[in-house]
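Based on what follows, work out the 3D shape:
(chains A and B)
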Amino acid sequence: MLIMILVLTAFPLSIDISQFDLEKFYFSIIVVSLLMTSFLATEGMFEEDFEDGSLEQEFLVEQDFYKIVLSKIFVYVCFIGVPIALIGAIFSFANGVAIGSFMNVFFILSLSNLLLFNVFAFGNALSINKGAMLGVLTTLPLALPVIILLGTAIRSIQYEDGFLEISSLMIGLGFLISAIMPLIISTALKTHID
Amino acid sequence: MLIVGWVWGLLFAPQDAIQGNSYRIIFLHVPAVIYAELIYFFMALCALMHLVWRVKLAAYLIKSAAPIGAMITFVGLFSGSVWGIPTWGTWWQWDARITSTLILFIMYLGILTLHGSFSNLEKSDRLMSILVVIGVVNIPIIKKSVDWWSTLHQPASISVSGGSSIDPSMLYPLLISIIGLGFTLISLGILSSRSYILGREKNKKWVSEYV
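Residues are numbered from 1 along each chain as shown, chains lettered A, B, ... in the order given. Got it, this is the predicted structure:
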């Protein structure tokens, strides 16, 4: 969260531009900092459990990681994703977004975080104890569709056009990915344990 | 066949009315980007086979195809950049098609790095297959990027269903180049998978009998 605040505060300070110009592309900074913060937050999601044998123990008891992955992602989204989204929404509000759009921005950023956390959890499950570089290489391309959706949603908020359609699409995708991704992640984790 | 296509395209095809001779890089660029996506699609099919039916050979084929895919994607990006200098006035643009192709290149690198990260090769095969299957979501994005966004890159000039907007005098050498590069890549794939399979199975009896 601190990193998110740092990036969002440092950017306008680091370049000398007018408020008018800043408002035009400040959302891009929010998207990039959201992406970066989400990645950093999930970097060690399964690493510690893998190292201390908790994952193996869980596998011996349950024979499945679906529930543990689902609950881990849920906890991460609630305790890290939602606060990050709130910070993003506050900063966008301070940089020219209409007061009425505040909730829309917060909602879209939270949904994007849900999608990003699923994607990055997948990367973490693949690379588990092999370092962040591998995680970046494997999952950043998968974050591309989320960034595209987020960009489209933000444009729909800025131009007040098509927000309902894009947010419905994102909600649908959020449900779908939240149901399927833990299954894929648990398969990857099982491969590590096997 | 590739040589015929290139010689025809580079020496005998007419000049373009607007771009002059610089358009001739099309005979390398277009086939390269077509195969950059097709190779990934092939890898995704193999990955599915490996995950569902546990076909070992499918994983070997992915591992052999990935460096070829990375190489051809790089060729596509590089030739696009070279073409961009005289036509767009810049060698790089953060354009939807170019950026998504760069992402495809990163995906290839990610797959190769992931496979090389684990000493247990069976584990690497499975993890790599999972990543390849999930990564296929980007292929339609790359393909449709020129239609979905307003980009500097022109829309597709040839399509399987809708014909072509290229003059036949340029289209025929281009088609021959595409088919020729396809055969070249298949040959490369066979050679690469052959040496990879022999390396992976080196302790098996059939390998010592074969070599």
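
Chain B contacts on chain A?
By C-beta under 8 Å from any C-beta of the partner chain, the residues of chain A that approach chain B are A:122, A:126-127, A:130, A:133-134, A:137-142, A:144-145, A:148, A:184, A:187-188, A:191-192, A:194. (C-beta placed from N, C-alpha, C; glycine too.)

swap the cut-off to 6 Å and go again
Neighbours of chain B within chain A, by C-beta under 6 Å from any C-beta of the partner chain: A:126, A:130, A:134, A:137-138, A:141, A:144, A:188, A:191.

Turn the buried ones among these into a named ChimeraX selection, would you?
Buried subset of the residues of chain A next to chain B, written as a ChimeraX selection, criterion 16 or more other C-beta atoms under 10 Å in any protein chain shown:
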select /A:126,134,137,138,141,144,188,191
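
A:D21 and A:P12, how far apart?
With distances taken as C-beta to C-beta, to the nearest Å, A:D21 is found 10 Å from A:P12.

So for these two, which sits in the more crowded spot?
Taking neighbours as other C-beta atoms under 10 Å in any protein chain shown, A:D21 and A:P12 compare with A:P12 leading, 16 against 10.

Check which helix or strand that one maps to.
Following DSSP states H and E, one finds A:P12 within helix A:2-14.

Share the number of residues neighbouring A:E48, please.
Each residue near A:E48 was counted by other C-beta under 10 Å, and the total is 11.

Relative to chain B, how far out is the nearest residue to it once chain neighbours are set aside?
Leaving aside its sequence neighbours, A:E48 sits nearest to A:S54 (C-beta to C-beta, 6 or more residues apart in numbering or on different chains; 7.8 Å). Look at A:S54 and chain B: by C-beta to the nearest C-beta, to the nearest Å, they are 19 Å apart.

what kind of secondary structure is B:I39 in?
Taken by DSSP: H, G, I helix; E, B strand; the rest coil, the conformation at B:I39 corresponds to helix.

Let me see the backbone angles for the nearest residue to it once chain neighbours are set aside.
Once flanking residues are discounted, B:I39 sits nearest to B:G69: 3.9 Å by C-beta to C-beta, 6+ apart. Backbone torsions for B:G69, taken as degrees, to the nearest 10, come to phi -60, psi -40.

what helix or strand does the closest residue to chain A within chain B sit in?
As assessed by C-beta to the nearest C-beta, chain A sits closest to B:G110 within chain B, at 3.8 Å. Taking DSSP H and E as the criterion, B:G110 maps to helix B:96-116.

ok, back up a step: burial count for the residue of chain B closest to chain A?
B:G110 is flanked by 29 other residues according to other C-beta under 10 Å.

how close does it sit to B:L61?
Distance from B:G110 to B:L61, by C-beta to C-beta: 18 Å.

Does the residue nearest the centre of chain B lie in a helix or a strand, and which?
Chain B has B:A36 as the residue nearest its centroid, 1.6 Å off, counting by C-alpha atoms, centre = their mean. Per DSSP H and E: B:A36 is located in helix B:26-53.

Give me the buried positions along that helix.
For helix B:26-53, the neighbour count (16+ other C-beta under 10 Å) marks B:26-37, B:39-40, B:42-51 as buried.

Give me the helices and strands touching it, please.
helix B:56-88, helix B:121-135, helix B:168-200 (3 or more C-beta pairs under 6 Å, 6 or more residues apart in numbering or on different chains; DSSP states H and E).
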